[in-house]
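Colleague: Need a 3D model of the sequence below.
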Amino acid sequence: TVQPYIRGGILENFRATAEDLGADVDALLVEADVAPEVLSIPGIYLPYANYLRLMDAAARATATPHFALEMTQNMSTGNLGIMGLVMSQAKTVGTAWHSFDRFYRIHDTYGAVKLEDTGQRAIISYSIPRNDLPGARQIYDAAAGISSNIMKQFCGADFHALGYAFPYARPDSCDCYLQLGCQELRFDSHRMELSFDAALLRQQLPGSNDEMRLLIDHYFNQVEEVDRHRPMSHRVEDLIRRLLPTGECTLAHIADALFISERSLQVHLAEEQCSFRELLEKVRREIATYHLRRADMPLTQLAQLLGYSELSAFSRGFRSWYGVSPRQWASRGAWRA
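Modeller: Presented below is the predicted three-dimensional model:
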């Protein structure tokens, strides 16, 4: 049985939020059996069960039942990897959410997203098979926080939802939900629901090129707060990690995302003494060896994550790196040598 996974990018703000609330992040990672790399290497996936444990541990350690709402305050499409890029290409709010619904399993293989239009009211929902698991409230709050921010990104900061529904009991205080902005809160639902005026589904987005530029600029501006002189090769690596699961991680797509020509991109990389192919193989090795060391993902699933059309292509690529197959490398504990 293939266990469900979620892209580690959902935890982009985890460390900062937990530390601000006084938690020992390293201790939380150990408790939930989550490798530190998940918080620092985009493109790595983690088992959904560990995601649940980590979020539950953070809520308890910080004495903050709404921890996930705090964590997602500033998160939107720019934090969703390829899903954010897919949504940014839509012409309207409705087609953006339909695209998200269609491709969501690239990001999360356990939860389910659905968009419904009842005529007057539109509903975006998120559900997981079991609502009684420790950490479930955090997962639903995270979904609500990100969904709210996406609607504000698309419709303006004054976006106001008709209501939210949550699949857990009403907490003693509902003050934490004020940041979402809505007319009605419901609890003990069977899923998280964000409802809003269905007319907003037809609202035009700025246009794929402009929206893509804003999204990419937002992403790199966030990164450049730490280092404003990042080499082009680092930017390309970040985009490779985002695009790998789509199977369309090509030089052309990367150049388009950076709004430069393929030739210009090749020149920039040559000046840094590397090439697109070398960076692609570097990222693939990094992600492949991470998951093989942890033995946490079937090889067929790992091959798909790395953008290979089939397992045999992954095996050939891996053998060219290390001289053995992925299975042999893992069974021999080659990284310990």
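Colleague: R327 belongs to a strand?
Modeller: No - per DSSP: H, G, I helix; E, B strand; the rest coil, R327 lies outside any strand segment and is helix.
Colleague: and the nearest residue to it once chain neighbours are set aside, how many neighbours?
Modeller: Closest residue in space to R327, ignoring its immediate chain neighbours: L299 at 6.8 Å, by Cβ to Cβ, 6 or more residues apart in numbering. Using the backbone N, CA and C atoms, a C-beta is placed for each residue, glycine as well. For L299, the count of nearby residues is 18 (other Cβ atoms under 10 Å).
Colleague: Quick one: residues contacting L299.
Modeller: L311, F314, S315, P326, R327 (Cβ atoms under 8 Å, 6 or more residues apart in numbering).
Colleague: Could you pull up the contacting residues of the fourth one?
Modeller: Counting by Cβ under 8 Å, 6+ apart, P326 makes contact with A288, L292, L299, L302, F314, S315, F318.
Colleague: do the second one as well
Modeller: Under the criterion of Cβ under 8 Å, 6+ apart, the contact list for F314 reads A288, L299, L302, A303, L306, Y308, P326.
Colleague: Can you tell me the SS state at I123?
Modeller: Secondary structure, three-state DSSP: I123 is strand.
Colleague: after the helix or strand bottoming out on mean pLDDT in the chain comes which helix or strand?
Modeller: Scoring the helices and strands of the chain by mean pLDDT, DSSP states H and E places helix 208-224 at the bottom, with a mean of 50. Sequence-wise, the next helix or strand downstream of helix 208-224 (DSSP states H and E) is helix 232-243.
Colleague: and that next one, C-alpha only, in PDB?
Modeller: Written as PDB, here are the backbone C-alpha positions of helix 232-243 (Å, rounded to 0.1, in the frame of the first residue of the first chain):
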ATOM      1  CA  MET A 232      20.900  32.400 -11.200                       C
ATOM      2  CA  SER A 233      21.700  28.800 -10.600                       C
ATOM      3  CA  HIS A 234      20.000  28.900  -7.200                       C
ATOM      4  CA  ARG A 235      16.900  30.400  -8.700                       C
ATOM      5  CA  VAL A 236      16.800  27.700 -11.400                       C
ATOM      6  CA  GLU A 237      17.300  25.000  -8.700                       C
ATOM      7  CA  ASP A 238      14.200  26.300  -6.800                       C
ATOM      8  CA  LEU A 239      12.100  26.200  -9.900                       C
ATOM      9  CA  ILE A 240      13.300  22.700 -10.900                       C
ATOM     10  CA  ARG A 241      12.100  21.500  -7.400                       C
ATOM     11  CA  ARG A 242       8.700  23.000  -8.100                       C
ATOM     12  CA  LEU A 243       8.300  21.700 -11.600                       C
END
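Colleague: helices or strands up against it?
Modeller: Secondary-structure packing of helix 232-243 (3 or more Cβ pairs under 8 Å, 6 or more residues apart in numbering; DSSP states H and E): helix 82-88, helix 208-224, helix 251-258, helix 262-271, helix 276-294.
Colleague: Name the nearest residue to A61, sequence neighbours excluded.
Modeller: Nearest residue to A61, sequence neighbours excluded (Cβ to Cβ, 6+ apart): A23, at 4.4 Å.
Colleague: can you tell me how far the nearest residue to G81 once chain neighbours are set aside sits from A257?
Modeller: Distances taken as Cβ to Cβ, 6+ apart place R242 nearest to G81, at 4.5 Å, with adjacent residues excluded. For R242, the distance to A257 (Cβ to Cβ, to the nearest Å) stands at 9 Å.
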